[in-house]
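Asks: Dropping a prediction and its sequence here:
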Amino acid sequence: MSHQPKIAFIGLGNMGAPMALNLLKADYQLTVFDLSASALKTLTDAGAKAASDAQAAVQSANIVISMLPASRHVESLYLGDTGILPHIADGALIIDCSTIAPQSAQKVAQAAAARGLAMIDAPVSGGTAGAAAGTLSFIVGGSAANLERARPLLAAMGKNIFHAGDNGAGQTAKICNNMLLGILMAGTAEALALGVANGLDPKVLSDIMSKSSGRNWALELYNPYPGVMDNVPASRGYTGGFGTDLMLKDLGLATGAALGSNASIPLGEAVRNLYAIHSKAGAGGLDFSSILNLLKPAA
Ligand code: NAD
């Protein structure tokens with residue numbers, strides 16, 4: 001038997017597709033939309049109904065979930081002349097899982113509220129492996145009541161659900177996390193490249209640091225050196241993970257948050273510049289762990 005809420009899921013990329021698949025597995029009814037036909041096919045093959053556009057997707061939905069790249073995609077999906085807000089049924093709940101600027105999240109939430117719709121920002125942490133395994137962390141901004149409405153759905157896609165504060169606070173917490181992740185990834189790649197340049201085996205060095213004081217998530221669960229770990233982007237040509245350009249976007253969001261608050265983020269800024277150089281060199285579409293290629297000595 002299907003659960004009652006009808007869900008519209010928009011944005012079926014590296015993260016959205018496995019998240020939507022987990023909702024199907026939990027027996028929810030899904031209508032899906034993505035600009036990419038191949039992304040849509042992954043979901044229709046698994047039993048979701050495809051809509052011809054975003055407006056059609058949300059027409060009879062009680063819950064709308066979006067998982068898009070950046071602020072501009074989220075704002076243009078919901079707002080403006082062609083935005084979907086006017087097409088969503090009264091009383092529906094919107095859950096935006098994209099990582100975007102806190103100000104964008106607040107702007108869309110205010111426009112939604114003016115239309116009688118509830119909204120939370122619920123960016124995620126855990127990567128594509130966490131999305132596939134249904135073990136994501138959701139970092140929620142919005143009212144406690146709206147979080148409770150969303151909780152069963154979030155629980156079908158993730159393991160940890162955090163309430164960071166009001167609308168936009170989920171994004172702020174996520175931005176802080178990803179700035180630290182960028183710093184940890186670049187630092188891990190730098191240490192591994194240094195060891196290998198000095199004759200160490202990257203797997204042996206990874207084992208040593210994983211049991212020593214340099215241990216961290218990038219080293220232990222998302223190792224950037226090819227061949228050290230199975231099932232990570234580094235071991236499949238840096239594909240199918242978290243794109244360099246998405247990390248660059250998140251580091252830019254950290255810069256924006258720092259400028260707005262007079263905070264100092266010297267390491268975050270250094271890493272943002274590294275990722276900008278890496279992207280400009282043509283690696284924007286590769287997984288963010290490919291920053292190793294920028295740091296390791298030429299062969
Ligand atoms: P992605 O680029 O793989 O997927 C984005 C999808 O959105 C694409 O399929 C694209 O066709 C679709 N899309 C874009 N505009 C659209 C529109 N107007 N209507 C419908 N579909 C549209 O990105 P991703 O890796 O899935 O990341 C999505 C979000 O999640 C980003 O904000 C990212 O920062 C965040 N995130 C990603 C990861 C990760 O490991 N990949 C982890 C945590 C958070």
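Replies: Right, received. Where do you want to start?

Asks: Which parts of the protein are helices?
Replies: When assigned using DSSP state H, the helices of the chain occupy the ranges 16-25, 37-45, 54-58, 71-78, 102-114, 127-133, 144-157, 169-197, 202-210, 217-221, 244-261, 266-278, 291-295.

Asks: Show me which residues of this protein sit near the ligand.
Replies: Proximity of the chain to the ligand is assessed by Cβ under 6 Å from any ligand atom, with 10-16, 33-36, 39, 54, 67-69, 73, 77, 98-99, 124-125, 127-128, 241-242, 246, 250 identified as the residues in range. C-beta here means a position set from N, CA and C on the backbone, and glycine is covered the same way.

Asks: Let's see that with 5 Å instead.
Replies: Where the chain comes near the ligand, counting by Cβ under 5 Å from any ligand atom, the residues are 11, 13-15, 34-36, 39, 68-69, 73, 98-99, 127-128, 242, 246.

Asks: Narrow those residues to just the buried residues.
Replies: Using 16 or more other Cβ atoms under 10 Å as the burial test, the residues of the chain next to the ligand include 11, 13-15, 34, 39, 68-69, 73, 98-99, 127-128, 242, 246 as buried.

Asks: Just name the closest of the residues you listed to Ala26, please.
Replies: Distances from Ala26 to those, taken as Cβ to Cβ, are shortest for Met15 (17.0 Å).

Asks: quick one: contacts for the spatially closest residue to that closest one that is not a sequence neighbour?
Replies: If you skip the residues right next to it in sequence, Met15 has Ala131 as its closest partner in space, 5.0 Å away by Cβ to Cβ, 6 or more residues apart in numbering. By Cβ atoms under 8 Å, 6 or more residues apart in numbering, Ala131 lies in contact with 14-15, 18-19, 22, 124, 157.

Asks: so where is this structure shaky, pLDDT-wise?
Replies: Counting by pLDDT under 70, the chain shows low-confidence ranges at 1-3.

Asks: Grab the longest strand from it for me.
Replies: Selection of the longest strand in the chain by residue count, based on DSSP state E, yields strand 158-165.

Asks: Look up how far Met119 lies from the residue of the chain found nearest the ligand.
Replies: Nearest residue of the chain to the ligand, counting by Cβ to the nearest ligand atom: Gly13, 1.7 Å away. As for Gly13, its distance to Met119 is 21 Å (criterion: Cβ to Cβ, to the nearest Å).
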